[in-house]
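K.L.:
sequence plus predicted model, see below.
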Amino acid sequence: MEDKSSWAGTSSNIHAAHRKYGTIVRVGFNHVSIATPEGLRVVYAHGNGFIKDTFYDAFVSGVPGLFSVRDRAEHTRKRKIVAHAFSPGAVHDFEPYMSANLQRWVDQLDRIAATPGDDGYARFNIMPWCTFLAFDIIGDLTLGAPFGMVERGRDECEAVRPGENVTYVPGAETLNRRGELASVFGLLPALRPWARYLPDPFFIKGMQSIKDLHGIAVAAVPKRLGDTEGKQPGLPYRRDILGMLCRSTDAEGNPMQRAELVSEALTQLIAGSDTVSNTACAVIYWILEGERRNPGTIVPRLQSELDHAIDPSSSYAAHEEVKNLPFLRLCIDEAMRLHSTSAIGLPRIVTAEDGVSYESEHFPEGTVLSVPSYTIHHDEDIWGPDVEEFRPERWLNATPRQKMAFNPFSFGYRACVGQNVAHMELALIISTAFHRYEFALYQQKLDSHEGFSKKPVECWVGIKRRHVKA
């Protein structure tokens, strides 16, 4: 095992360390990174007894949510309640909310496309519009109403700050700053009590973002519960995530209390906004990049599949039309492999008294282990010499080890509980975009900024309407 303990925490640094030193690398004083598909089964498998590292304490706002809670019994209690909101039946009921937001998104893209340049395309940065859509959808599903970002064309959310009237804050920017700061606190927890005294703008803005993100949930949850004046006349019936959480109970029949509801609403807002927007933008980019490198092989094939499935008179796709389209799914999976929105290794603590062994190494109790998704998604030994190329067809003959290595939603009993919603959103967004529009790609590379997740900095494209015949 090689020592590379000068880790700066980003997936690119971890990836570089593994390329230089091998599959098992010490990346911190007590933290070892294992970059193999088999390592996923060792570190994250259900029943291994490992617990989340103290890294997750930095992500607690109010009371711990499903993502940040470290106690296994408490996580099991929470997951039992939350899982009801993400069952296949529940997810099916979310489609009308997604569709309403897709219609508003399409209206805005139509407006943009109506003013083309000399090449026939209207040039714009699609990344913010992916953000606006993802935030509005998860706001609708989690908090009872969209934030209105798509309609306004601005990153703006209502929030409550202690001792102040309701104000508006940039939701995506707030989430990004909070994720960056929480990642620093997760690695350097002793820094947290002193951060408020540090004059660096990173900490000043980051500390405010923690408060503002909690304030977004505090502003929205009472409205959804019909409790705008300190009274609670009853939960307005709506088949959304918060409604499902309110109506669900744990094994003892106990419902979630208000503070826990706020925390879980915030957890789902975080989990379902930035990750979906980052991934949707990356999928659009990689489809267009694949077409640029191999003209006529990606976009025409995808659009032919979509044209045969989607009602040409509709502004947006229906899930029933696109949920089983094979090439659409291949494109989405291949883009998720290449971009890896959740790129870092999620840390777990070895709890077995006699430790755990992997290959020739033994890790004693208390060791922190992780498996970096980005590295196993970009390992030439797993994927072959074309590992950095967008090749959707690779999934048609994927090996068992490649399937094992694909880890966009984590693995094991702490895997993303909302992955069914994410798959549905991505299928609807990507199919709607490529069925209704033609795109041109105006940049050579998709640069990303990494906090807790990998966020595309920008994605400049050209857009124009398609006219699909019935």
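P.N.:
On my side now, so go ahead.
K.L.:
for the most centrally placed residue in the chain, give its distance to residue 413.
P.N.:
When CA atoms, centre = their mean is applied to the chain, the residue found nearest the centroid is residue 275 (2.0 Å). Distance of residue 275 to residue 413, given as CB to CB, to the nearest Å: 19 Å. For every residue, glycine as well, the C-beta is placed using N, CA and C.
K.L.:
what's the answer for residue 431, then?
P.N.:
Applying CB to CB to residue 431 and residue 413 gives a distance of 31 Å.
K.L.:
so between those two, which is more surrounded?
P.N.:
Each of residue 431 and residue 413 has its neighbours counted (other CB atoms under 10 Å); residue 431 has more, 26 against 14.
K.L.:
just the CA atoms of the helix or strand encompassing the more buried one, as CSV, please.
P.N.:
Secondary structure assignment for residue 431, by DSSP states H and E: helix 419-436. The C-alpha coordinates for helix 419-436 follow below in CSV (Å, rounded to 0.1, in the frame of the first residue of the first chain):
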residue,chain,number,x,y,z
GLN,A,419,-32.4,6.8,-7.6
ASN,A,420,-35.7,5.8,-9.1
VAL,A,421,-36.7,9.4,-9.1
ALA,A,422,-33.4,10.4,-10.6
HIS,A,423,-33.7,7.9,-13.4
MET,A,424,-37.2,9.1,-14.2
GLU,A,425,-36.2,12.8,-14.2
LEU,A,426,-33.1,12.2,-16.4
ALA,A,427,-35.1,10.1,-18.9
LEU,A,428,-37.8,12.9,-19.1
ILE,A,429,-35.3,15.7,-19.4
ILE,A,430,-33.0,14.2,-22.0
SER,A,431,-35.8,12.7,-24.1
THR,A,432,-37.7,16.0,-24.1
ALA,A,433,-34.7,18.0,-25.0
PHE,A,434,-33.5,15.8,-27.9
HIS,A,435,-37.0,15.1,-29.2
ARG,A,436,-38.0,18.8,-29.4
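K.L.:
and the helix or strand just after that helix, how far out from the chain's middle?
P.N.:
Once the chain leaves helix 419-436, the next helix or strand it forms, by DSSP H and E, is strand 437-441. In terms of CA atoms, centre = their mean, to the nearest Å, the centre of strand 437-441 is found 24 Å from the chain centre.
K.L.:
helices or strands next to the helix or strand following strand 437-441 in the packing?
P.N.:
Where DSSP H and E defines the elements, the next helix or strand beyond strand 437-441 is strand 448-450. The contact analysis (3 or more CB pairs under 8 Å, 6 or more residues apart in numbering; DSSP states H and E) places strand 448-450 against strand 454-456.
K.L.:
and the strand it packs on, what other elements does it pack with?
P.N.:
helix 258-293, strand 448-450.
K.L.:
so which bits of the last one are buried?
P.N.:
Just to be clear, that refers to strand 448-450. For strand 448-450, the neighbour count (16 or more other CB atoms under 10 Å) marks 448, 450 as buried.
K.L.:
just checking: what are the partner strands of that strand?
P.N.:
Strand 448-450 has its sheet partners listed here by DSSP bridges as strand 454-456 (antiparallel).
K.L.:
ok now the partner strand, how far from the chain's centre?
P.N.:
Per CA atoms, centre = their mean, the centroid offset for strand 454-456 relative to its chain is 10 Å.
K.L.:
work out the gap between the next helix or strand after it and the centre of the chain.
P.N.:
Stepping forward along the backbone from strand 454-456, the first helix or strand reached (DSSP H and E) is strand 460-465. The chain centroid and the centroid of strand 460-465 are separated by 25 Å, computed with CA atoms, centre = their mean.
K.L.:
repeat that for stretch 214-227.
P.N.:
For stretch 214-227, the distance to the chain centre is 22 Å (CA atoms, centre = their mean).
K.L.:
what's in contact with that stretch?
P.N.:
Under the contact criterion CB atoms under 8 Å, 6 or more residues apart in numbering, stretch 214-227 has outside partners 61-62, 139, 143-145, 157-161, 166, 169, 171, 174, 228, 232-236, 238, 242-243, 246, 258, 261-263, 265-266, 269.
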